[in-house]
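**Q** heads up, no residue letters with this:
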DNA sequence: ACCCGACGTTGACTTGGATCAAACGGCTCG
DNA sequence: CGAGCCGTTTGATCCAAGTCAACGTCGGGT
């Protein structure tokens, strides 16, 4: 079931939150500089995860959460019949592993979709430090809450939207997240397969492909394999609104 | 759009976590008795919400989370076209309002499905106290994480299960939660309509109704309107496994 | 006690997306 | 440079669930 013994290349390189260009997206947001220095001590090490490798696997004991510094991940579970169900995609500045807190073991797999770096944040240290630093505590609570809101948004998408509406929502969401990170809102490279998009959106890969083609016909986007160019953001939004 | 000016009956009656029979399901879990006493001060008041009334509405400023002491709630949002999308059902010992932390305003509506009591937990006080009480902090983090895991479970259900599988999962989940609360695992009263179940499960009410009938034909359950008697729990589980 | 309206069931028909199948494009690796 | 494979596209067909419609049932209010 598991892929044949992939060794996880894991190297610790010291990094400082205070130097990180993601600090406004991540846990240090709004902290004073002396507080950020304490964070630096907490985030002991960085870990490099190559494309295709696991950051963690479902069932492994939970010890740390991870902040994506660079790269792109998917999270998901493998169902009994071998099918994969994707539960999310994470990009730089986003946290991974929050699901593991409740049961003290990871409930899903996290796989890098491109060569990536993460900050390893030992959870007990995070709890300890957020008892000292009020705004760190509050940031962390907000991040967890945002994850809940995000998941509920997807529940809504899965519960009440049609294939094209789902894909439009997906593209707009990616676009928005790329924008926040200073990339182009309209042109980007998908790091996941049609299959993975489909799994995430509750659709089959053929349906995803057809919806892409349909959008292209309507001059809403131009697709070339994994390269996406959004030509008409308002048009995509209109598709979303249609029945939601 | 809103129902005609329903007045929320809200009365404060002092209650103590230390006396509450739900403390093992709720935030006080595992706390020492002196710590639970501090919790008592935090939970300033109880609020009574009558069937059909809102505990809070989407858009209202977020100040407190709520613990259900008694009763039954649904959470959901109203979509532009007036349709309701249900995002969850909450029973005694469960927390409501966690989604509001991230944006500092509630992102959904919470409505009582039967006359209910909740404990009002001012969030800033909870954060303050969990900086003092390590196990309270940890409990709270676990509760939030559990909510994330729960939502992801529903994403999986919505993304990859058929109507009957969804309903089986729903019934088994309810059964399990009633059991935890000391009620019968096999016999209970649904407090929500077919419409609400359908909205939650991403199905139309007719489909829910048909699935109930199908289960009844197969002697898995007996349904009489809102009264459910589960006759064959392993049988329901087998339906779940079938394609998941 | 009765009526009304909300909720639930069931049947007939339609349809969006799944499934099955075939062909193509673009990497990677020998 | 060519072979092979993975991922993608597109077409044809099928089926689970949605839609529309009619009827049944329960419970609350006068």
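**A** Right, received. Where do you want to start? Treat the numbers as computed from the prediction; the structure is a model and nothing was measured.
**Q** tell me which helix or strand the residue positioned nearest the centre of chain A sits in.
**A** The residue lying closest to the centre of chain A (C-alpha atoms, centre = their mean) is residue A:90, at 1.2 Å. Following DSSP states H and E, one finds residue A:90 within strand A:84-91.
**Q** so how far is that strand from its chain's centroid?
**A** 7 Å (C-alpha atoms, centre = their mean, to the nearest Å).
**Q** the residue nearest to the centre of chain A contacts residue A:72, correct?
**A** Yes - Residue A:90 is within contact range of residue A:72, at 7.3 Å (criterion: C-beta atoms under 8 Å). Placement of C-beta: from N, CA and C, glycine included.
**Q** with adjacent residues omitted, what lies nearest to residue A:49?
**A** Nearest non-adjacent residue to residue A:49, counting by C-beta to C-beta, 6 or more residues apart in numbering or on different chains: residue A:112, 4.3 Å away.
**Q** next one: residue A:241 from DNA strand D, what distance?
**A** Using C-beta to the nearest atom of the strand, to the nearest Å, one obtains 16 Å as the distance from residue A:241 to DNA strand D.
**Q** nearest spatial neighbour of that residue, skipping sequence neighbours?
**A** residue B:80 (7.2 Å).
**Q** give the buried residues for the helix or strand where residue A:73 lies.
**A** Counting by DSSP H and E, the element that carries residue A:73 is strand A:64-78. Under the neighbour-count criterion of 16 or more other C-beta atoms under 10 Å in any protein chain shown, strand A:64-78 has A:64-69, A:71-77 buried.
**Q** that strand close to DNA strand D?
**A** No - judged by C-beta under 7 Å from any atom of the strand, strand A:64-78 and DNA strand D are separated, with a smallest distance of 12.3 Å.
**Q** whether the longest helix seen in chain A contacts chain B - can you check?
**A** Of all segments of type helix in chain A, defined using DSSP state H, the longest is helix A:134-160. Yes - legend: contact between helix A:134-160 and chain B by C-beta under 8 Å from any C-beta of the partner chain is shown at A:134, A:137-138, A:141-149, A:151-152, A:154-156, A:158-160.
**Q** just the buried residues of these.
**A** Applying 16+ other C-beta under 10 Å to the residues of helix A:134-160 next to chain B flags A:137-138, A:141-149, A:151-152, A:154-156, A:158-160 as buried.
**Q** so residue A:234, which state does it fall into?
**A** The three-state label given to residue A:234 by DSSP: H, G, I helix; E, B strand; the rest coil is helix.
**Q** for residue A:181, grab phi and psi.
**A** phi -90, psi 10 (degrees, to the nearest 10).
**Q** burial measure for the residue nearest to residue A:241, as a count.
**A** 8 (other C-beta atoms under 10 Å in any protein chain shown).
**Q** right, and it touches residue A:240 too?
**A** No - contact criterion C-beta under 8 Å: residue B:80 and residue A:240 do not qualify, at 10.5 Å.
**Q** excluding chain neighbours, what is closest to residue A:230?
**A** residue A:186 (4.4 Å).
**Q** what is the burial count for the one you found?
**A** Applying other C-beta under 10 Å, I find that residue A:186 has 15 neighbouring residues.
**Q** now do the contacts for it.
**A** A:175, A:229-231, A:233 (C-beta atoms under 8 Å, 6 or more residues apart in numbering or on different chains).
**Q** quick one: it from residue A:221, how far?
**A** Distance, residue A:186 to residue A:221, by C-beta to C-beta, to the nearest Å: 9 Å.
**Q** common neighbours of the two, please.
**A** Joint contacts of residue A:186 and residue A:221 (C-beta under 8 Å, 6+ apart) are A:229-231.
**Q** confirm residue A:165 sits in a helix?
**A** Yes - judged by three-state DSSP, residue A:165 forms part of a helix.
**Q** surely it meets residue A:236?
**A** No - counting by C-beta under 8 Å, residue A:165 sits too far from residue A:236 to count as a contact (9.7 Å).
**Q** more neighbours, these two?
**A** residue A:236 (24 against 20).
**Q** picking that back up, sec struct for the residue nearest to residue A:241, please.
**A** coil.
**Q** and the strands in chain A?
**A** Here chain A has its strands, by DSSP state E, at A:45-49, A:54-56, A:64-78, A:84-91, A:95-96, A:109-122, A:187-189, A:221-224, A:227-230.
**Q** so which elements touch the fourth one?
**A** Using 3 or more C-beta pairs under 8 Å, 6 or more residues apart in numbering or on different chains; DSSP states H and E as the contact criterion, the secondary-structure elements in contact with strand A:84-91 are strand A:64-78, helix A:194-201, helix B:134-160.
**Q** closest one to residue B:106 among those?
**A** Nearest to residue B:106, of all the helices and strands packed on strand A:84-91, is helix B:134-160, at 14.8 Å by C-beta to C-beta.
**Q** what's the end-to-end length of stretch A:196-216?
**A** Taking C-alpha to C-alpha, to the nearest Å, stretch A:196-216 runs 20 Å from one end to the other.
**Q** and the average pLDDT for that stretch is what?
**A** Mean per-residue pLDDT for stretch A:196-216: 98.
**Q** hmm, it in reach of DNA strand C?
**A** Yes - remark: stretch A:196-216 sits within contact range of DNA strand C at A:202-204, A:206-207, by C-beta under 7 Å from any atom of the strand.
**Q** please pick the buried ones from those.
**A** If we count by 16+ other C-beta under 10 Å, the residues of stretch A:196-216 next to DNA strand C have these buried: A:202-203, A:207.
**Q** I'd like to know which of the strands of chain A lies nearest to residue A:26.
**A** Closest among the strands of chain A, using C-beta to C-beta: strand A:64-78, at 5.5 Å.
**Q** now do that closest one against strand A:84-91, angle only.
**A** 150 degrees (axes from the mean of the first three to the mean of the last three C-alpha atoms, to 10 degrees).
**Q** hmm, strand A:64-78 in reach of chain B?
**A** Yes - Strand A:64-78 reaches chain B (C-beta under 8 Å from any C-beta) through residue A:77.
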